[in-house]
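[1] Okay, structure incoming, though there's no sequence with it:
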């Protein structure tokens, strides 16, 4: 049985074609493989994805408040959600990873998969237009949008961590930016989240400080209260 090409896979799972093979290759290339990688496309795709999901939610929930729509969007485009979607699609089979990442199982790592999925959305926007990107995002996220819980049950990780600590009379968590790397238009933030009285700290990296803080908070909450995750 012939191996499915990346172009054929993209058309099958996202319902649209990317005419430029070089752009698809770039979207599937991790920084561990080449200096020409998907980080810039990930930056673009993150913005396009957020915009398209906001439009979906605005139409789907006409009575929802701004805060409720924001919580819905955060749930749909979280690294955990995108990583799970990418894993189900078999995206990892098409990634170009450096030897070290391959050996460590990077093709299954949620953060790498989520970043590559965003890069693909960015590549579709650049190479095939906004309508193609919208088709892909609708196809990927419509099932999860339909299964969203009530807005009251959705809170971002930083809010949930804060409420968890306050419920036990503990101090609020501390967030520190440990490193900012990359060019001004393509930065990555490494952040530490610490709960001093629990003796716990976690780190995360993201394309924005907010995203890195949210991921670090989620990791710390998973350590502090594994049975209370939604």
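    Nice, I can see it. Just so it is clear, the structure is predicted and the values come from calculations on it, not from any experiment. Residues are numbered from 1 along each chain as shown.
[2] Pull out the buried residues from stretch 202-216.
    Under the neighbour-count criterion of 16 or more other CB atoms under 10 Å, stretch 202-216 has 202-207, 211-216 buried. Where you see a C-beta, it was placed from the backbone N, CA and C, and this is true even at glycine.
[3] what's near enough to touch the residue positioned nearest the centre of the chain?
    What sits nearest the mean C-alpha location of the chain, by CA atoms, centre = their mean, is residue 79, with 3.0 Å. Residues near residue 79 by CB atoms under 8 Å, 6 or more residues apart in numbering: 110-111, 114, 206, 211, 215.
[4] ok, those vs residue 160, which is closest?
    Closest to residue 160 out of the contacts of residue 79 is residue 215 (12.9 Å), distances taken as CB to CB.
[5] gap between the closest one and residue 102?
    23 Å (CB to CB, to the nearest Å).
[6] now do residue 177
    From residue 177 to residue 102 the distance is 30 Å (CB to CB).
[7] Comparing these two, which residue is more hemmed in?
    Shown here are residue 177 and residue 102; by other CB atoms under 10 Å, residue 102 has more neighbours (15 against 12).
[8] Let me see the confidence value for the more buried one.
    The per-residue pLDDT reported for residue 102 equals 85.
[9] How many residues are close by the nearest residue to residue 6 once chain neighbours are set aside?
    The spatially closest residue to residue 6, leaving aside those adjacent along the chain, is residue 94, at 4.6 Å (CB to CB, 6 or more residues apart in numbering). For residue 94, the neighbour count with other CB under 10 Å is 20.
[10] same thing with the one 4 residues further on?
    A count of neighbours around residue 98, defined by other CB under 10 Å, yields 16.
[11] Helices of this structure, residue ranges please.
    Using DSSP state H, the helices assigned to the chain run over residues 6-14, 21-27, 39-60, 66-76, 79-89, 99-103, 110-128, 130-146, 157-167, 209-224.
[12] Of all these, which one is nearest residue 183?
    For residue 183, the closest of the helices of the chain is helix 39-60, at 9.0 Å, according to CB to CB.
[13] what's that closest one packed up against?
    Under the contact criterion of 3 or more CB pairs under 8 Å, 6 or more residues apart in numbering; DSSP states H and E, helix 39-60 touches helix 21-27, helix 66-76, helix 110-128, helix 130-146.
[14] List the residues that contact the nearest residue to residue 138 once chain neighbours are set aside.
    Nearest non-adjacent residue to residue 138, counting by CB to CB, 6+ apart: residue 56, 6.9 Å away. Residues near residue 56 by CB under 8 Å, 6+ apart: 137-138, 141-142, 145.
[15] looking at it, residue 115 is touching residue 40, isn't it?
    No. At 11.4 Å, residue 115 does not count as touching residue 40 under the criterion of CB atoms under 8 Å.
[16] Settle it for me: which of the two has more neighbours?
    Counted by other CB under 10 Å, residue 115 and residue 40 do not tie: residue 115 has more neighbours, with 29 against 17.
[17] Give me the nearest residue to the more buried one, chain neighbours excluded.
    Of all residues not flanking residue 115 in the chain, residue 42 sits nearest, at 4.8 Å (CB to CB, 6+ apart).
[18] Contacts only, for that neighbour.
    By CB under 8 Å, 6+ apart, the residues touching residue 42 are 115-116, 118-119, 122, 207.
[19] mind giving me the domain split of the protein?
    What automatic domain parsing lists as the domains of the chain is 6-148, 157-228.
[20] deepest of those domains, which one?
    Here the criterion is mean neighbour count by mean count of other CB atoms under 10 Å, and of those the winner is domain 6-148, at a mean of 18.
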